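Trainee: need a structure here:
(chains A and B)
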Protein chains: 2
Amino acid sequence: MIGGSELNKIPNHLAEAIQWLSEFGNEEGGGVTRTLYSHPWKEAQEGLKFWMEQLGFHPYYDPIGNLFGRLSSAEKDAPVILVGSHVDTVKSGGKYDGAYGIIAGILALKYLKQKYGTPKRHIEVVSLCEEEGSRFPLTCSGSGMITGAYTIESFLGLKGFDGVTFEAAMMEAGLGPFNQPYTVRGDIRAFVELHIEQGPVLEKLQKSIGIVETIVGQKRFRVTVEGESNHAGTTLIKWRKDAVRGAVSMIDLLYSYEKKYDEHLVTTVGQLFVEPNVPNVIAGRVVFSVDARHPSESILHSFCQQFMDGFNQIAKKMGLTVYVEQCHEVHPVHMDSGLQNIVKEICTRNHIPFYRMNSGAGHDAQLFAPFCPTVLFFVPSRDGISHSPLEYTSDQDLETGFHVLTQVLHHLAYE
Amino acid sequence: MIGGSELNKIPNHLAEAIQWLSEFGNEEGGGVTRTLYSHPWKEAQEGLKFWMEQLGFHPYYDPIGNLFGRLSSAEKDAPVILVGSHVDTVKSGGKYDGAYGIIAGILALKYLKQKYGTPKRHIEVVSLCEEEGSRFPLTCSGSGMITGAYTIESFLGLKGFDGVTFEAAMMEAGLGPFNQPYTVRGDIRAFVELHIEQGPVLEKLQKSIGIVETIVGQKRFRVTVEGESNHAGTTLIKWRKDAVRGAVSMIDLLYSYEKKYDEHLVTTVGQLFVEPNVPNVIAGRVVFSVDARHPSESILHSFCQQFMDGFNQIAKKMGLTVYVEQCHEVHPVHMDSGLQNIVKEICTRNHIPFYRMNSGAGHDAQLFAPFCPTVLFFVPSRDGISHSPLEYTSDQDLETGFHVLTQVLHHLAYE
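Mentor: Below is the predicted model:
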C-alpha cells in the first residue's frame, strides 16, 4: 500500500498525456471526434500502442480492436487485474471522457513498475474500442466482447450513421477478418475503471472522488399521442382532440408522480415532435420520449407502470389514443462492495474527500460487473458538463484520481 | 324579395360549377393548389372570365388581379353591391373554400338577371385574387387593395416561398406593370360574402346557415424558454434547468387560465420545437407558439397579459429565461348588424335553420367591414374540415346558401 507521503512524487504529465491523446480527432472549437474504427480512432490506438511499447508493456489487439498492454507477474498463471476505459468519443465530445481512464491506467502501470517492480498478479491496461454507440447502434462493444455479453455475430450487418457496415469499418481499420475466433477471458480477477463524473454532484458537494455503488437502471419509452388535426380558430375547445393538450397533461402527470419518489428517480422528456407543427393548426399527433432512471429495478418498474396507467387515463378522458412503446432498457448494476471499500479506505487514509454515489450515466463497468468484481470511481467534471468541447477536469482533480487508482492497483496486484 | 316558392326553381349546376373550378390546380388525392399568380390560378381566373363573358357580365381585371363581372343598373351612377370571395387556395386545399362564394355569386347574378332583369343598383361579382397568404407572407391582398387597406407598395420586394418576387410573379401572370395607378373604390354600397364554415359548429348544431356577428381577434406569440442542456442521467432534478419542464408548466397554465373564460376564448399551441431534441439530453431550449382568439379585444388583451405574467413567474421559479414575442395580431371585426338582420329575416321566412355565430377564421369580409357595410354567412362543413382535400359541403347545403345569397342580393339591388 502506498502511503500518503507518496502523493508528492507522482509524475506530473497526466494532463499533458490527455492533451496529446485529444490531438487524435481534434476539431476546431476544441471538440474531439473519434468514432469506432475511424481514421482518428485508429491513430489514437496506434499512438497508445507505441507508448505502451516504449514502456515495455507488450501491447496487442484483440480481434474486435481492444488494445491491451501488460505489466506481467513472474507467475505465468497468475490472474489479471484489468484497468482502463474507452478510447472512442461521441461526435464533438471532450478530452476526458474515456481517455482519462486509459491514460491514468498506463501511467499507473509505469509508476508501479518503476516503484515496486514485478507485481504478484498481472496488471493489464485496456483501451476499450467502443462505449459510446456514436457510430453503430450498439454501445459498449469492447467490454461486451471481453465479457462475453456480445459475440461477434452481435455486430453482423450493423450499419453506422455513415452507411458503412461494422465488418467493412473493421477491415478499413486494419482489423479482422470478421469471423476469427474470440475467446472470452477467464483470467480476469477484477476490473477497475476511473472516469470523469459527467455530472455535477462531486463539484456541488466539493468532493474529490465519487465511489459508484450502482449504475442506475434505465427505461426509455416512445410515447405517441394521436388526436385530430383541426383549424385553431373554428374549433371550440370542447370539440378538440388536441394531441398537444394530451401530451402536456401526460408530461405534467409524469413530473407529479416523479415528485413522490426519492431524488434518485429522474425522468427526462428530451425529445418531442408535433404534427403538423403549425401555429394555427391543432396538432393531430405528438411523439415524445420518456427516459426514467433509478438504482432500484423494482422502484423503476412500478414508477413506469404508474405513469403508463396515468397516460392511458388521460387519453381516454380526452378522446385521444396513446401508444407507449419501450425502446431501451438497462438494468441497474451494482459495483463490487469489497472493491468499493478498498477505494474508500484509500481515500480516508489519504484525507481525500469522497462521496458514495450512483452513476446516472452508463459505463463499461456495467458490462464487467456481472463478469468479475468491478469498481468504478469518478473525479469531478466542471459544471457537470460532458459530451461537449467544454468538458473539463482540473489538473489537481486528475492527479487525485490517478493517486487513488495507483493505490487501488497496488493493493490488488502487489499485496 | 323572392318568396319561399322560388326555392324549387333554382338552377342545379352549383355543385358542377364547383367541380369545374376545382379542375384548375387539381392534384392526385383530390387536393386543389391555386396559389396567387401561379399557372392554375391564372387559368382559373381566365375560366371564370370566359364564363362571365358568356353570361354578359363584361368581366375585367383590376391592376392587382381581382376579376370583376357586372350586372349593370340602368342608372350609371348607382352604387354597387359587391358579392364574392377568393379564388386562391392553400397548398392541397379543398374545392369549396373561396370558390363557393365566387360561383354562387356568378350564378346568383345569372339567376337575378333572367328572373328580374336590370337591377336598381349595379351588382358586381368579384373573384378576389388572394386571401390565404399561401405564396407570399401577406393575406387578403385582393380585398386589401380594393378597400385601400394596402397599397401596391405593400407588396414591393415580397418574396414567395418559391423565391419569386411579388412583382415578377404578377408579370408572369400577365398582369402589371407593377406601378400602374390603383384607385380605391368609392362606389361600393355593400359587400356580401358566402363561405363554407371551415369549422364544426353548424354541423354539430344542425343549422344550415351561420350568420357571422364578429370575426374574432387573434394574437399570436412565439415563446422561447431557455434553460441548460445537460445529461439526463447524471443531473438531479433539483439541479436541472430543463426547458421542456418549463414549457410544459407554461402551457398547462395557459390552459388553466383559458378555462376561466367563456367558450369563445380559444388558445392553441400548435408548434413546438425542442433543442437539442434528443431522448437522453435535458432540453436547453424550447420554442412554442401560442395562438389566442376571442371576439372581444379587451378580453383577449387581458387574457394575454395574464398568461404572459404567469409565464414569467414560472421562468423565475424554475431558473429559466422566457421571451414572449407577439408575431401576429388581428383585431376583432364586427359585421354590419343591418345586413345580418336581412339574412336572418330571409332565413326565418324560408324556414331555414340559422345560427348567429363568430368566425374563428379570417376572411376577406374582415377587410371590407371597416370600408363598407359587410355581411358574411356560412354553410356547414362536414366534420368541420377545411384546408384539406377532405373538405366537403353537401349539395343541399350549397343550394341553401345559394338561395339565401340570391335573396340577399335581390333585396339589396332590386328593392
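Trainee: every contact and neighbour count from this point should use C-alpha atoms.
Mentor: OK.
Trainee: hmm, the longest helix seen in chain A in reach of chain B?
Mentor: In chain A, assigned by DSSP state H, the helix with the most residues is helix A:297-318. No - using C-alpha under 8 Å from any C-alpha of the partner chain, helix A:297-318 never reaches chain B; the gap is at least 13.7 Å.
Trainee: quick one: list the elements packing against that helix.
Mentor: If contacts are counted by 3 or more C-alpha pairs under 8 Å, 6 or more residues apart in numbering or on different chains; DSSP states H and E, helix A:297-318 sits against strand A:217-226, helix A:243-258, strand A:285-294, strand A:321-330.
Trainee: which residues are in contact with the helix or strand containing A:Val126?
Mentor: Assigned by DSSP states H and E, A:Val126 belongs to strand A:122-128. Identification of contacts with strand A:122-128 by C-alpha atoms under 8 Å, 6 or more residues apart in numbering or on different chains yields A:45, A:65-73, A:78-88, A:102, A:105-106, A:109, A:142-143, A:409, A:413.
Trainee: direction included, what does that strand pair up with?
Mentor: Under the criterion DSSP bridges, strand A:122-128 sits next to strand A:67-71 (antiparallel), strand A:80-86 (parallel) in its sheet.
Trainee: next, count neighbours for A:Met52.
Mentor: Neighbour count for A:Met52, taken as other C-alpha atoms under 10 Å in any protein chain shown: 23.
Trainee: cool, and the one 4 residues further on?
Mentor: Residues within reach of A:Gly56, counting by other C-alpha under 10 Å, total 14.
Trainee: can you tell me the closest non-neighbouring residue to whatever residue of the stretch 101-250 of chain A ends up closest to chain B?
Mentor: In the stretch 101-250 of chain A, no residue comes nearer to chain B than A:Gly233, which is 3.9 Å away by C-alpha to the nearest C-alpha. Spatial nearest neighbour of A:Gly233, excluding adjacent residues (C-alpha to C-alpha, 6 or more residues apart in numbering or on different chains): B:Gly360 at 3.9 Å.
Trainee: one more: A:Gln218?
Mentor: Among residues not flanking A:Gln218 along the chain, A:Arg293 sits closest, at 4.4 Å (C-alpha to C-alpha, 6+ apart).
Trainee: what about that neighbour, neighbour count?
Mentor: Using other C-alpha under 10 Å, A:Arg293 has 32 neighbouring residues.
Trainee: and A:Thr321, by the same measure?
Mentor: 18.
Trainee: helices of chain A, residue ranges please.
Mentor: Using DSSP H, the helices of chain A run over A:14-22, A:39-54, A:99-116, A:141-146, A:166-172, A:201-205, A:243-258, A:297-318, A:337-349, A:365-368, A:395-414.
Trainee: now tabulate the ones you listed in a markdown table and tack on mean pLDDT and distance to B:Thr151.
Mentor: As requested, those are arranged in a markdown table below (pLDDT from 0 to 100; distance: least, C-alpha to C-alpha, whole Å):
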| stretch | mean pLDDT | distance to B:Thr151 |
| --- | --- | --- |
| helix A:14-22 | 92 | 61 |
| helix A:39-54 | 93 | 61 |
| helix A:99-116 | 97 | 65 |
| helix A:141-146 | 96 | 67 |
| helix A:166-172 | 94 | 63 |
| helix A:201-205 | 96 | 62 |
| helix A:243-258 | 98 | 39 |
| helix A:297-318 | 98 | 47 |
| helix A:337-349 | 98 | 78 |
| helix A:365-368 | 97 | 69 |
| helix A:395-414 | 97 | 67 |
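Trainee: near chain B, which residues of the stretch 201-350 of chain A?
Mentor: The stretch 201-350 of chain A comes close to chain B at residues A:201, A:230-237, A:244, A:248-249, A:251-252, A:263-264, A:266-274, A:276-283, A:289-291, A:293, as judged by C-alpha under 8 Å from any C-alpha.
Trainee: residues contacting the most centrally placed residue in chain A?
Mentor: Computing the C-alpha centroid of chain A and ranking residues by C-alpha atoms, centre = their mean puts A:His363 first, at 3.0 Å. Shown in contact with A:His363 (C-alpha under 8 Å, 6+ apart): A:131, A:140, A:215.
Trainee: which of those residues fall within strands?
Mentor: Using DSSP state E, the members of the contacts of A:His363 that fall in strands are A:Ile215.
Trainee: compare the contacts of A:His363 and tell me which is most surrounded.
Mentor: When neighbours are counted by other C-alpha under 10 Å, A:Ile215 leads the contacts of A:His363 with 28 neighbours.
Trainee: is it correct that that one is in contact with A:Arg356?
Mentor: No - with contacts counted by C-alpha atoms under 8 Å, A:Ile215 stays clear of A:Arg356, the gap being 11.9 Å.
Trainee: before we move on, back to that, just send the helices and strands packed on helix A:297-318 back as TSV, with distance to B:Glu226 too.
Mentor: Formatted as TSV, those follow (distance: least, C-alpha to C-alpha, whole Å):
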stretch	distance to B:Glu226
strand A:217-226	24
helix A:243-258	18
strand A:285-294	19
strand A:321-330	28
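Trainee: tell me the most buried of these?
Mentor: When the helices and strands packed on helix A:297-318 are scored by mean count of other C-alpha atoms under 10 Å in any protein chain shown, the highest mean neighbour count falls to strand A:285-294 (a mean of 25).
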